[in-house]
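Participant: A predicted structure for the sequence below; I have some questions about it.
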Amino acid sequence: MKLVGISGSLVGAKISEAVFHVLSAAKAIDSNIQTDLIDLKEEEVELFHGPSLAYYDQHTWDIVNRITTADFIVFATPIYQASISGALKNLLDFMPQDAFKGKVTGIVTVGGSGKHFLVGEYQLKPILSYLKGIVPTNTVFIHNKSFTEEGDLEDEQAERRLHKLAEEMIALQKGLK
């Protein structure tokens, strides 16, 4: 099985750090799982403007292909203005309607206010569900204070929640096979 993690931020290290924890937990749970981190701050995904994927550059095509060929996917996003990042929304706009059919799609959000803990449920979950993704019951919200200034996660409870998300995603995905 292949698990792809998507870091939906164009700046900083917190989001990719959170995704890395999920990918590492998955490998620790099942060493046969292949992992792939797509960090949007390191990728040049074109701005979606309506036409089919065939009208975009090869790099954008390759990123979409890495995602759609995964067995399951974890999405992580910072919370900006009570919503997911524009970079992640732009990437999701490239996905065909059945892109995540039969795939578990986990959610991790990071924000500066505890009031934003439901953004994943009310913003990202409907998009993933529309794309036919199976969303686990565990979604993980991590407060910005859980990270060092360098972006390292230093909150053991958050690490446990990320590990639990990885466990649930693997169990669900194996159950689907």
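Facilitator: Nice, I can see it. Worth saying up front: this structure is predicted, and the values here are computed from it rather than measured.

Participant: so, low pLDDT: which residues of the protein?
Facilitator: The model of the chain has no residue with pLDDT under 70.

Participant: mind redoing it with 90?
Facilitator: Low-confidence segments of the chain (pLDDT under 90): 51-54, 114-115, 177.

Participant: which stretches of it form strands?
Facilitator: 2-7, 34-39, 72-78, 105-111, 140-143 (DSSP state E).

Participant: just want the most central residue of the chain.
Facilitator: The chain has Phe75 as the residue nearest its centroid, 0.9 Å off, counting by C-alpha atoms, centre = their mean.

Participant: quick one: contacts for that residue?
Facilitator: By C-beta atoms under 8 Å, 6 or more residues apart in numbering, the contact set of Phe75 is Ile6, Gly8, Leu88, Thr105, Gly106, Ile107, Val108, Leu124, Leu128. To be clear about C-beta, it is placed using only N, CA and C from the backbone, and glycine gets the same treatment.

Participant: partner residues bridging it?
Facilitator: Ile6, Ile107 (DSSP bridges).

Participant: how about the one 5 residues further on?
Facilitator: Taking DSSP bridges as the rule, Tyr80 bridges to Ser83.

Participant: mind checking how far it is from Val119?
Facilitator: Separation of Tyr80 from Val119 (C-beta to C-beta, to the nearest Å): 9 Å.

Participant: the more surrounded of the two?
Facilitator: Counted by other C-beta atoms under 10 Å, Tyr80 and Val119 do not tie: Val119 has more neighbours, with 23 against 15.
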